[in-house]
Every structure is written in structure tokens, then in C-alpha cells.
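# Mind folding the following:
(2 chains)
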Protein chains: 2
Amino acid sequence: MILNGKDLSARVKDELKGKIDSFVTKPVLAVIMIGDNEASKIYIETKKKACQYVGISFMTFYYDEKEKEETIINKIEELNNEKIVSGIIVQLPLPKKFNEKNIINAISPSKDVDGLTEISQGKMLSGKSDFIPCTPKGIIKILDFYNIDITSKHIVIIGRSNLVGKPLLLECLKRNATVTICHSKTKDLEKYTKQADILVSATGKKHIIDKNMIKEGATLIDVGITRENNKIYGDINPNAYEKASTYSPVPGGVGPMTVVMLLENVYEAYKKQGGITDEIFG
Amino acid sequence: MILNGKDLSARVKDELKGKIDSFVTKPVLAVIMIGDNEASKIYIETKKKACQYVGISFMTFYYDEKEKEETIINKIEELNNEKIVSGIIVQLPLPKKFNEKNIINAISPSKDVDGLTEISQGKMLSGKSDFIPCTPKGIIKILDFYNIDITSKHIVIIGRSNLVGKPLLLECLKRNATVTICHSKTKDLEKYTKQADILVSATGKKHIIDKNMIKEGATLIDVGITRENNKIYGDINPNAYEKASTYSPVPGGVGPMTVVMLLENVYEAYKKQGGITDEIFG
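Sure thing, here's the model as predicted:
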């Protein structure tokens, strides 16, 4: 069975649209972009389209990479205090001269819909996060939707990044899974992957997992993306799909969920800030 | 071989004492205690003695459990601004009426020597912590002192608490270990413990690990404490010691290290705050 993130994301998007349609005042997402990284521009366009579809207003603030850090931090503080703004994100990566930490941490935790400020991450560590980062949130949503119970399951995660591996690990622990985390320094990776009831790979190395490395009947979640000659490949070789009970492929799996989880976080921020009272006028 | 935390802690304490002896202005630890939990009083006495031994000044602020939360938070803010105070800790647990999170988060991250504020925890998640919580820090110190390299080793941690399991997991990941985290909802615990190159147990359940559950030649780190008829027992049955290559027992292992790591964090806070310049007068 395919865990179809593309279909699920369309469904979640329509549900959100239905809720937001009834609001008089719409949620607002503010995006800060510095420099002219081409990939970042494409990601912002994707987010913009998704926001427009569900009825979230989208504001973009572009800065030249010559801009002073202080100007950007001042803008973030202004947006923190701006009541109509529900969520704020900074498009990463930033040009090297900027201190990413200082800029991200300027975002008010109540508007930190990417879940990347130190306070949000600290809350996540203690299991009390307001906003789960979008990729791990999308993975949990897929598992939930397809009724894959993770309690007491052995989940093996490959990748220990702050954006995917670590927050996913914490979410899985919170949901009572037993979790192993592997990475580039893991020896004998196969030893671990073969044990996984649920295997999540987030390395960005094309097809590093193949059918000989998985357990019969496992659930596979592919989070890796490798671009080669205009084609997209995942971490998991499709030859493993047949041996798995279920799998979330690349493309069409976790990727489309990530953007929609950002919309969900903006919607949740809006509700927490009191905007939901608008519904009575809907 | 015994990983002797008792001896090592005495050694680290003497090293710290040697450094602090030369300071004109001494580091200061401020402790907030609310209510009259007997165990807490004993812990505070232990910390006080250790501080006095190395030359850290010790201030205690006792509050009745009828005290207003606001008064305590104001006191913490006063201590944050007090230049001579290097570190601040709140003795846990607090009486139920208090919001632990609000009180802990009032501590300035630069003085948070227990590493428990949300900002400290967020920094830890991203691998950039100023202060590692004392128990995991003590475990890492023991492993380092006895030259047990954890790179690419399989570390199995039993227990997912915010004080021990999760911060230890992050420290081990940072040091390139492959880590599995087990807990009360783990099924077939033995399957995991038998794989461990290094097994850390922090459950507080007497002797839940015995010789049949470990790998020949493993390193065992016992963090559990069970008190029964005035005797102290660990999580690991001593019958496992013979099969292990090295082990840190209970009592006499991680416990004594924990208090000394608090001293080390206070010393580090003092240095970071600029107090180290005193050394020139030493």
C-alpha cells in the first residue's frame, strides 16, 4: 500500500480551506527572504500558492544580502507586534554573513510556525511544543491518517538534523515508540535498518536503502531528495517497496505534506491568537 | 573494570578547588527552595557541602509553600541582575500549586547551571548548549575519563526523561554514537539491551537488567536508584558485572558525579561572565 502524501495533502488543504473560508479576518503568514537563492525563491512560490489556495494571506519581505542584520531583526519585531500577522518564517538558508540563530530567535514563539526558535525547540524537547516543524509533523500526519499505530514499534530514523531527525525522534518518543537514530557515522547501517518496523530515511543520498536492508513487511518513509538530470530520487530504492507492507515514496510522499503542515501551523497560530472568534460571523 | 565515579568526582572536585582557590572574587551559586520536602533538604545540604569544599559561595532562599509565585519570580529576576551571582538553580520538585515551567524559565540562560530553561533545552537540541544537565554531563565525563570512545558505538538508553534520557541521547548523537532509546512502553527490552555496546539504565526499577540481558563485554552505566530498607540498589543486577567489560555501579558511580558537574557548570558560568579575569590576582 502506498502512503499517498500527495492525495492526503490535497485533502488536508481542502479541509483547511473550508475552515478558513468562513473567517472574516484571514490568517496571515509573513515570509522573510534574504539574498537571491534560486531554490529559495521556488520554495517561497510554492508556499505562496498553497496559502492563496486555502485563504491565508501571504506577505513577503525581500532583502538584499547587503542589508544590515539589525534592519531584518527590527522588521521581525515589528511583525511580532502586528496583530494581523499569525505566523512568521525566515526562508533558509541565509547568505553566510548573517547570524541565522539571531535572526530566527527574533521571531516570537507564538508566531514561530516553523518551530525553529530556541524556545520552540526547548518546548519540543520537553514534549510541550506549540509548533512541530513541518516535515516531522507531515510524517506523523501520514502515519496517523493511514492508521499506522507507532506505540511500542521500533522506529529507525536515518539522519539527525535539527529540521527532521531530532524533532521526529522526539515526536515518536512522545507517542511511545522505541527509537533508534542512525547517521553518517553509524557503522553497519543494515544491522539497524533490518530491525525497523518503521524505517524513516532522511539523508538525501540516492537509493542508499535497498530491499536487502529492510525487514519483510516494514513501513518505509522516504524523506530524502536527490535531483539528477531533472529527475527526483529518494533515499529508498523502489525495489524495496514490494517487500514492505506500506511505503511513502519520493516524489509524492512526505514532500507535499510539508507545505500543508506549514499551513496547518499558521492556522493553529491564528486560532491560539484568538482569531478563531471570527468564526461566529462565518 | 569499575568506572569509579566516586574517585573521579573527588578528583574533579580537587581540580576545581585548585582553580577557584586562586580567585579573589569567588563564584556564587544561588539556590531557590520552596516548601519543606525532606529529600530536597538533603540534596541541598549535599550541594552546599560540595560548594563549600571547592570555594563556591552558596546562597539559599527558602520560601514557604504559601508564598506567591510572583515573589519567587521577582527574586530570580533580582538574582539574574546581581553580578556576583554566577548560577541559579531551583530545587525540584516544587509544591503542586506552583507552575514549574514559569519559575524555571525566569532564570537567565547565562546562569541556568541545571540547563533546564526552555532556551537552554532548545540550544541543547541544536547541539549548542551552554550548560549540559548534570547527570548526562557526569556520564559523558566518566566515559571520557576512562577513554571509552563512543564514536559509532551502539548506545542503548533506558529512560526518556528530560533530566537524563533525552539530554544524554543528544550528547551521544553529537559525539557520533548510534543511539536507541527505550522506555516503559518498549516491548521486548532484552532485544535492545543485548545489542548495546554501552548500556545506560535510568529507570529507578531495582535490578531490571541482569546478566542474560547484556552483550558479553559491554559497558554498563547504572543511573537508577531504588531505596529499600536503608539500602540503595541500582537498575543493574550486579550479576551482570562479570559479563561486562566495564561498569559504573550504584552506589558510587554516576551519583557522586552529578553534584560535581553542577560545580563545574557554576565554574563555567563564572568564567563566561568574565569572572576569570580575577585569576590575574591569584
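
# quick one: the helix or strand containing residue A:168 to chain centroid distance?
Assigned by DSSP states H and E, residue A:168 belongs to helix A:165-174. Distance of helix A:165-174 from the chain centroid (C-alpha atoms, centre = their mean, to the nearest Å) equals 13 Å.

# Same check on stretch A:250-266?
Put simply, stretch A:250-266 sits 6 Å off its chain's centre (C-alpha atoms, centre = their mean).

# That one: which residues count as buried?
A:250, A:252-266 (16 or more other C-beta atoms under 10 Å in any protein chain shown). For every residue, glycine as well, the C-beta is placed using N, CA and C.

# now that stretch: mean pLDDT?
Computed over stretch A:250-266, the mean pLDDT rounds to 96.

# Output that stretch as CSV, nothing but the C-alphas.
The C-alpha trace of stretch A:250-266 is given here as CSV (Å, rounded to 0.1, in the frame of the first residue of the first chain):
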residue,chain,number,x,y,z
VAL,A,250,9.6,10.1,-3.3
PRO,A,251,8.2,12.1,-5.0
GLY,A,252,4.6,12.2,-3.9
GLY,A,253,5.0,11.3,-0.2
VAL,A,254,6.3,13.5,2.6
GLY,A,255,7.2,16.4,0.3
PRO,A,256,3.7,17.6,-0.4
MET,A,257,2.8,17.2,3.2
THR,A,258,5.5,19.5,4.4
VAL,A,259,4.0,22.6,2.8
VAL,A,260,0.5,21.8,4.0
MET,A,261,1.8,21.3,7.6
LEU,A,262,3.1,24.9,7.4
LEU,A,263,-0.5,26.0,6.5
GLU,A,264,-1.8,24.0,9.4
ASN,A,265,0.7,25.6,11.8
VAL,A,266,-0.3,29.1,10.6
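
# Kindly provide the distance from residue A:187 to residue A:204.
Residue A:187 sits 20 Å away from residue A:204, taking C-beta to C-beta, to the nearest Å as the criterion.

# The two: who's more crowded?
When residue A:187 and residue A:204 are compared for neighbours, residue A:204 comes out ahead with 16 against 12, by other C-beta atoms under 10 Å in any protein chain shown.

# what sits against residue A:31?
A:44, A:47, A:58, A:59, A:60, A:61, A:88, A:89, A:90, A:91 (C-beta atoms under 8 Å, 6 or more residues apart in numbering or on different chains).

# among those, who's most crowded?
Counting neighbours by other C-beta under 10 Å, residue A:88 leads the contacts of residue A:31 with 29 neighbours.

# Mark which of the contacts of residue A:31 are part of strands, please.
Cross-referencing those against strands under DSSP state E gives A:58, A:59, A:60, A:61, A:88, A:89, A:90.

# Grab the nearest non-local neighbour of the third one.
Going back to what we said before, that points to residue A:60. Nearest residue to residue A:60, sequence neighbours excluded (C-beta to C-beta, 6 or more residues apart in numbering or on different chains): residue A:31, at 4.9 Å.

# List the pairing partners of the strand or helix carrying that neighbour within its sheet, with orientation.
According to DSSP H and E, residue A:31 maps onto strand A:28-34. Applying DSSP bridges to the sheet, strand A:28-34 is found paired with strand A:57-63 (parallel), strand A:87-90 (parallel).

# next helix or strand past the longest one?
Scanning forward in sequence from strand A:57-63, with DSSP H and E defining helices and strands, the next element found is helix A:69-81.

# on contacts alone, who are the packing partners of that following helix?
strand A:28-34, strand A:57-63, strand A:87-90, helix A:100-105 (3 or more C-beta pairs under 8 Å, 6 or more residues apart in numbering or on different chains; DSSP states H and E).

# nearest to residue A:133, of the ones you listed?
Ranking those by proximity to residue A:133 (C-beta to C-beta) places strand A:87-90 first, at 11.0 Å.

# And the biggest helix by length in chain A, what does it pack against?
In chain A, taking DSSP state H as the definition, the longest helix is helix A:254-272. In terms of contacts (3+ C-beta pairs under 8 Å, 6+ apart), helix A:254-272 is packed against helix A:5-21, helix A:38-54, strand A:87-90, helix A:134-145.

# how about the last one: buried residues?
Think helix A:134-145. Here helix A:134-145 shows A:134, A:135, A:136, A:137, A:138, A:139, A:140, A:141, A:142, A:143, A:145 as buried, counting by 16+ other C-beta under 10 Å.

# same deal with the second one?
Buried residues in helix A:38-54, counting neighbours by 16+ other C-beta under 10 Å, are found at A:40, A:43, A:44, A:47, A:48, A:50, A:51, A:53, A:54.

# Go ahead and name everything in contact with it.
A:13, A:16-17, A:20, A:29, A:31, A:33, A:57-58, A:60, A:91-93, A:259-260, A:262-263, A:266-267.

# give me the beta-bridge partners of residue A:32?
Here residue A:32, judged by DSSP bridges, has bridge partners residue A:61, residue A:90.

# pretty sure it is touching residue A:73, no?
No: using C-beta atoms under 8 Å, residue A:32 makes no contact with residue A:73, being 10.0 Å away.

# anything in contact with each of those two?
Taking C-beta under 8 Å, 6+ apart as the contact rule, residue A:32 and residue A:73 both touch residue A:103.

# Among those two, which residue is more densely surrounded?
For residue A:32 and residue A:73, the more surrounded residue by other C-beta under 10 Å is residue A:32, and the numbers stand at 23 against 17.

# Compute the number of surrounding residues for the nearest residue to residue A:125 once chain neighbours are set aside.
Closest residue in space to residue A:125, ignoring its immediate chain neighbours: residue B:121 at 4.4 Å, by C-beta to C-beta, 6+ apart. Close neighbours of residue B:121, defined as other C-beta under 10 Å, add up to 27.

# Tell me the secondary structure at residue B:121.
helix (DSSP: H, G, I helix; E, B strand; the rest coil).

# so where is the stretch 151-282 of chain A shaky, pLDDT-wise?
Residue ranges of the stretch 151-282 of chain A with pLDDT under 70: A:275-282.

# which bits of it sit near chain B?
A:151-152, A:160, A:162, A:166, A:169-170, A:173, A:176, A:178-183, A:185-187, A:192 (C-beta under 8 Å from any C-beta of the partner chain).

# give me that answer again for 7 Å
Taking C-beta under 7 Å from any C-beta of the partner chain as the criterion, the stretch 151-282 of chain A approaches chain B at residues A:151-152, A:160, A:162, A:166, A:173, A:176, A:178-182, A:185-187, A:192.
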